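Q: predicted model, plus sequence, below.
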Amino acid sequence: MGFWWRPLLALAGFSLTALFIGVVKSVNAGWIALALFLALYLLRQLRQESRLASWLEKTVIIPTPAPRDVGLWGDIFYRLEKLYNKQTRNQSELATALEQFQNAAGAVPDGIVILNDQDQIEWCNAASRAFLGIDSKRDKGQFIQYLLRQANFVEFLDARDYSRRMTCRSPLNRETQLTLQLVPFEGGKKLLVARDVTELERVDAMRRDFVANVSHELRTPLTVVGGFVETLADMEKPSDADLKRYFALMLGHSRRMQRLLDDLLTLSKLECADQPPGEEQIPVPSLVQELGREAEQLSHGRHRIDVEVASQAWLRGSLQEIHSAFSNLVSNAVRYTPEGGRITLRWAERDKGAAFSVTDTGEGIAAEHIPRLTERFYRVDRSRSRETGGTGLGLAIVKHILNRHGARLEIQSVLSKGSTFSTLFNSERLIHPQSDVQDEEQPRLRLVK
Ligand code: ADP
């Protein structure tokens with residue numbers, strides 16, 4: 001049953017009592033009693049209304065308990081208080097959720113801007129300031145197209161094609177490449193998401209360059225070999241001398257392709273390797289002597305080769321990788337040093353660690369090339385590198401191997417005087433023979449090319 005029966009019951013009670021007085025005393029006394037009851041009832045209603053009004057006034061400022069009463073007004077006070085408490089709870093939950101959303105959106109590395117159906121800014125996170133220069137307080141209510149004056153942005157915004165992404169430069173930093181995307185949500189609002197893709201673009205450009213370089217490097221020898229095969233096929237009776245000459249040239253070019261593929265595979269293995277290089281004990285003094293002999297073989301007596309072993313320290317790491325890195329430097333020195341030049345291989349303690357260095361009296365390298373030498377396929381003189389059998393990947397391989405061993409490459413060079421390529425290892429990689437070398441017998445060098 002509803003609440004209406006209670007006032008009805010009170011009115012019925014007043015009427016019956018007044019009727020009783022009217023019968024017992026007089027009709028007038030009955031009417032007077034009824035008027036009195038109604039006046040008292042009205043007074044009580046007015047008092048409760050004023051209690052309600054003053055409670056509502058107070059509780060809006062500081063939540064206070066509702067007045068207590070019996071009957072209908074008691075019920076009203078109790079229910080209003082319950083409703084008010086529930087609303088306060090909902091509000092605080094909503095405020096917490098909003099705060100959490102703002103904190104989370106603020107922590108997102110992408111720039112996020114909320115736009116209304118007129119493309120005015122309603123809210124944005126901290127990253128959008130760094131990427132787009134939009135400030136959540138200053139720019140609230142501004143039209144986004146007035147702030148992002150990028151070419152094509154207005155067209156992108158008006159197209160309302162939510163599957164599309166737009167690439168542009170950050171208005172704050174031209175080096176930063178951004179992709180912009182619009183995501184619609186309720187009531188014509190949109191999220192404008194700005195993502196920094198500078199690194200992705202750089203990697204993509206590197207990948208494109210790499211594919212172009214590899215194709216270019218392979219095309220030349222392939223074309224040459226293909227040309228010789230065609231020539232031979234067209235020749236009626238090639239002489240033995242022709243055959244010998246053509247086969248020698250074809251062999252040279254196919255070896256070049258082989259070297260390129262070997263270096264590409266080595267580089268790819270090093271780049272994909274997620275395991276550390278291993279903990280083999282590498283007897284560097286004997287490795288350096290071995291490299292000296294290799295240099296003699298490569299040089300065919302055209303250079304003077306010196307080997308200086310000033311440290312007996314060994315290295316911890318991968319013997320195969322370290323040998324590959326050192327022999328790349330030795331082979332470069334032989335290839336880029338003209339006949340009569342001098343090449344020195346040196347292993348010595350340096351800066352609390354040790355260094356293997358190769359010094360030559362060759363052609364040297366101009367300073368502007370030095371920072372780029374370890375890039376894949378970077379050569380100072382492309383044809384010189386090719387003539388001497390270079391692939392343009394040697395120093396990139398050296399850099400990867402050294403990185404894996406926590407070491408670094410230092411290049412010093414003076415044009416027309418010569419160069420020194422040094423590999424610097426820190427002390428953690430070193431083993432000192434008296435104390436640290438475990439095996440009595442020196443491990444035999446297993447040098448894999
Ligand atoms: P490449 O197979 O062409 O030798 P690298 O990566 O080993 O490739 O070397 C990159 C470039 O660095 C070479 O093309 C060459 O121009 C230069 N370079 C490397 N070592 C030397 C050196 N000892 N003297 C002069 N230039 C060198």
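A: On my side now, so go ahead.
Q: which parts of the lowest-mean-pLDDT helix or strand in the chain are buried?
A: The weakest-scoring helix or strand in the chain, judged by mean pLDDT, DSSP states H and E, is helix 382-387 (a mean of 84). In terms of neighbour count (16 or more other Cβ atoms under 10 Å), helix 382-387 has its buried residues at 385-386. Any C-beta I mention is one placed from the backbone N, CA and C, and that applies to glycine too.
Q: contact partners of it?
A: Residues from elsewhere that reach helix 382-387 (Cβ atoms under 8 Å, 6 or more residues apart in numbering): 256, 336, 379, 392.
Q: tell me the two of those that are most distant?
A: Arg256 and Tyr336 (17.5 Å; Cβ to Cβ).
Q: how about the least confident helix or strand of the chain and the ligand, touching?
A: Yes. Helix 382-387 is in contact with the ligand by Cβ under 6 Å from any ligand atom, via Ser385.
Q: what is the subsequent helix or strand relative to that helix?
A: As assigned by DSSP states H and E, the chain's next helix or strand after helix 382-387 is helix 394-404.
Q: and that next one, does that touch the ligand?
A: Yes. Helix 394-404 is in contact with the ligand by Cβ under 6 Å from any ligand atom, via 394-396.
Q: which single one of the residues you listed is nearest to the ligand?
A: Using Cβ to the nearest ligand atom, Gly394 comes nearest to the ligand of the residues of helix 394-404 next to the ligand, at 2.6 Å.
Q: so what's the residue count around Lys140?
A: Around Lys140 there are 13 other residues, counting by other Cβ atoms under 10 Å.
Q: find the nearest non-adjacent residue to it, please.
A: Ile121 (5.8 Å; Cβ to Cβ, 6 or more residues apart in numbering).
Q: what pLDDT does that neighbour get?
A: At Ile121 the predicted local confidence, pLDDT, stands at 95.
Q: partners of the one helix or strand it maps to, with directions?
A: If you go by DSSP H and E, Ile121 is part of strand 121-124. Paired neighbours of strand 121-124 in the sheet (DSSP bridges): strand 111-115 (antiparallel).
Q: quick check: Ala348 touching Thr359?
A: No. Counting by Cβ atoms under 8 Å, Ala348 stays clear of Thr359, with 11.8 Å between them.
Q: these two: which is more packed in?
A: Thr359 (20 against 14).
Q: helices or strands up against the helix or strand harbouring that one?
A: If you go by DSSP H and E, Thr359 is part of strand 353-360. Applying 3 or more Cβ pairs under 8 Å, 6 or more residues apart in numbering; DSSP states H and E, one finds that strand 353-360 contacts helix 284-299, helix 319-335, strand 342-350, strand 418-425.
Q: nearest to Ser311 among the residues of helix 394-404 next to the ligand?
A: Ser311 has its nearest neighbour among the residues of helix 394-404 next to the ligand in Leu395, at 24.0 Å by Cβ to Cβ.
Q: which pLDDT value goes with Glu375?
A: 94.
Q: give me the number of residues near it?
A: Around Glu375 there are 15 residues (other Cβ under 10 Å).
Q: returning to that earlier point: my guess is the residue nearest to Lys140 contacts Val113. True?
A: Yes. If you go by Cβ under 8 Å, Ile121 and Val113 touch, sitting 6.0 Å apart.
Q: overlap of the contact sets of the two?
A: Shared contacts of Ile121 and Val113, defined by Cβ under 8 Å, 6+ apart, are found at 134, 144.
Q: which one of the two is surrounded by more residues?
A: Val113 (26 against 23).
Q: bridging residues for the more buried one?
A: Cys124, Leu192.
Q: for the ligand, what is the nearest residue in the stretch 1-150 of the chain?
A: Relative to the ligand, the nearest point of the stretch 1-150 of the chain is Pro109 (35.8 Å; Cβ to the nearest ligand atom).
Q: which ones are touching that residue?
A: Counted by Cβ under 8 Å, 6+ apart, Pro109 has contacts 127, 196.
Q: now do the SS call for it.
A: For Pro109, the assignment made with DSSP: H, G, I helix; E, B strand; the rest coil gives coil.
Q: surely Lys190 forms part of a strand?
A: Yes. Per three-state DSSP, Lys190 lies within a strand segment.
Q: does it touch Gln118 like I think?
A: No. The pair Lys190 and Gln118 does not pass the contact test of Cβ under 8 Å, sitting 10.6 Å apart.
Q: make sure Arg316 is indeed in a helix.
A: No. With three-state DSSP as the criterion, Arg316 is assigned strand and is not in a helix.
Q: burial measure for it, as a count.
A: 18.
Q: same thing with Leu430?
A: Residues near Leu430, counting by other Cβ under 10 Å, number 18.
Q: check Ser50 too.
A: Residues within reach of Ser50, counting by other Cβ under 10 Å, total 10.
Q: give me the pLDDT for it.
A: 94.
Q: next one: Gln442
A: At Gln442, pLDDT is 48.
Q: can I see the domain layout of this protein?
A: Following automatic domain parsing, one finds the domains of the chain at 5-101, 108-196, 204-272, 280-444.
Q: most neighbours per residue, which of those?
A: The highest mean neighbour count among the domains of the chain, using mean count of other Cβ atoms under 10 Å, belongs to domain 280-444: a mean of 17.
Q: returning to that earlier point: gap between the residue of the stretch 1-150 of the chain closest to the ligand and Asn125?
A: 10 Å (Cβ to Cβ, to the nearest Å).
Q: quick one on the thing from earlier: quick one, phi psi at the residue of the stretch 1-150 of the chain closest to the ligand?
A: phi -70, psi -20 (degrees, to the nearest 10).
Q: again, but for the one 10 residues further on
A: Here is the backbone geometry of Asp119 (degrees, to the nearest 10): phi 70, psi 30.
Q: what does Leu430 give?
A: Torsion angles, degrees, to the nearest 10, at Leu430: phi -90, psi 150.
Q: same thing with Leu157?
A: The phi/psi pair for Leu157 (degrees, to the nearest 10) reads phi -70, psi -50.
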